[in-house]
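Student: give me a 3D structure for the following:
(one chain, ligands or ions: 2)
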Amino acid sequence: MKVLVTGGTGYVGSHTAVNLIEAGHDVVLWDNLSNSRAAVVERIGALVGTPPTFVQGDVRDAAGLDRLLEKQAFEAVIHFAGLKAVGESAQKPLLYYENNVQGTITLLRALEKAGVRTFVFSSSATVYGDPACVPIREDFPRAATNAYGRSKIMIEDMLSDLVAADPRWRIARLRYFNPIGAHESGLLGEDPQDVPNNLVPYICRVAVGREAVLRVFGADYETPDGTGVRDYIHVRDLALGHVAALRYLQAHPGMLTVNLGTGHGYSVLEVVKAFGQACGRPIPYEIVARRPGDVAQCYADVSAARRLLGWQAVHDLDAMCGDAWRWQERNPQGYET
Ligand code: NAD
Ligand code: UDP
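Tutor: Ligands and ions are numbered 1, 2, ... in the order given. Reported below is the predicted structural model:
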């Protein structure tokens, strides 16, 4: 298929582009580079033979999208473009609604006009808020605790209205749990522009000496060791989940909603230990107060993805940490090096 990948130079988008190309798809990346670098395109090229076409553009730019869609006939779109920092979304909610919600509306309008009706959307486990129990199934109630999460819920709802209004749409809402890791070559990885908010990118910075110590946000949760438990999924597994979702949509019109995780929860201290083993020295950490808005446990019931997509994650925590470390060690300043 000819696939438009918005946010394609970002962390998940770039890894997915590699798998799409490896699966034989023809890929065009569309990204405004607000949180990524054009150097990613050459790195993808180094992995797959030829760099994919990259167009610098914004999903809020209706005219720019129309021009692209007039020139090239796409069969599907994978929509990664968006802002994702939970803390920032609390400070700048309008920016998040404009970028994520308005950006998606503008994109969908352009696609409708061009007759492109296969659409894969990057949703998040954050839509479940603080779940009543784990593992989390897709039919659990959604309740966001921040503007970022609400923007995802709004888009999810918009997409189900769209499918209800026009059954020709084929839409996947993929709810990612916690993507970590990097391409095993060390050529692609996560490269946050600011001080990272997420656990593994922060540990990477500590391991490489850019930050002194990890702060563990709370050791008094009702979890086996008191620290927060999450479902970390290797970004390479996640990328393959998108290829599987596209395949599914080719055969099934309508709406698909699935969790993409491993189904296993790991605590912060388990991740710290595994990363220390991967990089060959312990990660210094201190226990501090809980981070507001954090939940104790979040991990997926992954049976729907297995049943519907024939997909499941295969990498374990050691592989995730090993690959994250290889990327960070070889690119201590990210793509700038
Ligand atoms: P990322 O920031 O690395 O990638 C997003 C890309 O979108 C960036 O390259 C950025 O430059 C681009 N972008 C942002 N706004 C844009 C706009 N208006 N027009 C064009 N491009 C724009 O983030 P990621 O981790 O790769 O996440 C991809 C998607 O997955 C996001 O929608 C995110 O909300 C979602 N998601 C991520 C996680 C995670 O932990 N990484 C978890 C759940 C869901
Ligand atoms: N965490 C931490 N220190 C950090 C960043 C995160 O202790 O510097 C913890 C956080 O409280 C949570 C887990 O690590 O229990 C995963 O956090 P992350 O921000 O990566 O993902 P999310 O909370 O969005 O699931």
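
Student: and Val261, how many neighbours does it have?
Tutor: Careful, residue 261 is Gly and not Val. Other residues near Gly261 come to 30 when the count uses other C-beta atoms under 10 Å. From N, CA and C alone the C-beta is placed, and that goes for glycine too.

Student: repeat for Ala110
Tutor: With other C-beta under 10 Å as criterion, Ala110 counts 22.

Student: and the pLDDT for it?
Tutor: Ala110 carries a pLDDT value of 98.

Student: kindly report the same for the one 3 residues further on.
Tutor: The model reports Lys113 with a pLDDT of 98.

Student: which outside residues touch the helix or strand hosting it?
Tutor: Taking DSSP states H and E as the criterion, Lys113 maps to helix 103-114. Here helix 103-114 makes contact (C-beta atoms under 8 Å, 6 or more residues apart in numbering) with 6, 58-62, 65-66, 69-70, 74, 77, 79, 81-82, 117, 119, 121, 155, 158, 162.

Student: contacts only, for the closest residue to ligand 2 within the stretch 201-337 of the chain.
Tutor: Using C-beta to the nearest ligand atom, Gly228 is the residue of the stretch 201-337 of the chain that sits closest to ligand 2, at 2.2 Å. Taking C-beta under 8 Å, 6+ apart as the contact definition, Gly228 lies against 217-218, 221, 267-268, 294-297.

Student: try Glu190
Tutor: Contacts here follow C-beta under 8 Å, 6+ apart; on that basis Glu190 touches 11, 180, 182, 200-201, 204, 235, 324, 327.

Student: so which of these belong to strands?
Tutor: Assignment to strands by DSSP state E places the following of these there: Ile180.

Student: top of the contacts of Glu190 by number of neighbours, please.
Tutor: Counting neighbours by other C-beta under 10 Å, the top entry in the contacts of Glu190 is Cys204, with 31 neighbours.

Student: how far away is that residue from Asp130?
Tutor: 28 Å (C-beta to C-beta, to the nearest Å).

Student: what helices and strands are in contact with the lowest-mean-pLDDT helix or strand in the chain?
Tutor: The helix or strand of the chain with the lowest confidence, counting by mean pLDDT, DSSP states H and E, is helix 86-91 at a mean of 92. Applying 3 or more C-beta pairs under 8 Å, 6 or more residues apart in numbering; DSSP states H and E, we find helix 86-91 packed against helix 93-96, helix 147-165.

Student: what's it in contact with?
Tutor: 83, 95-96, 126, 146-149, 151, 197, 293.

Student: any part of stretch 149-162 near ligand 1?
Tutor: No: Stretch 149-162 lies out of reach of ligand 1 by C-beta under 6 Å from any ligand atom, never closer than 6.9 Å.

Student: picking up where we left off before, and the furthest pair within the contacts of Glu190?
Tutor: Distances among the contacts of Glu190 were taken as C-beta to C-beta; the most separated pair is Cys204 and Val235, at 13.2 Å.

Student: picking that back up, which of the contacts of helix 86-91 come close to ligand 2?
Tutor: Checking these against ligand 2 (C-beta under 6 Å from any ligand atom), the matches are Asn197.

Student: ligand 1: which of the contacts of helix 86-91 is nearest?
Tutor: Closest to ligand 1 out of the contacts of helix 86-91 is Leu83 (5.8 Å), distances taken as C-beta to the nearest ligand atom.

Student: now name the helix or strand holding the closest residue to Gln312 other than its chain neighbours.
Tutor: The shortest distance from Gln312 to any non-neighbouring residue, by C-beta to C-beta, 6 or more residues apart in numbering, is to Arg306 (5.0 Å). Secondary-structure assignment from DSSP H and E places Arg306 in helix 303-309.

Student: contacting residues around that helix?
Tutor: Contact with helix 303-309 is made by 137-138, 241, 244-245, 247-248, 256, 258-260, 311-312, as judged by C-beta under 8 Å, 6+ apart.

Student: near the closest residue in space to Thr53 that isn't next to it in sequence, how many other residues are there?
Tutor: Leaving aside its sequence neighbours, Thr53 sits nearest to Val28 (C-beta to C-beta, 6+ apart; 4.6 Å). Other residues near Val28 come to 19 when the count uses other C-beta under 10 Å.
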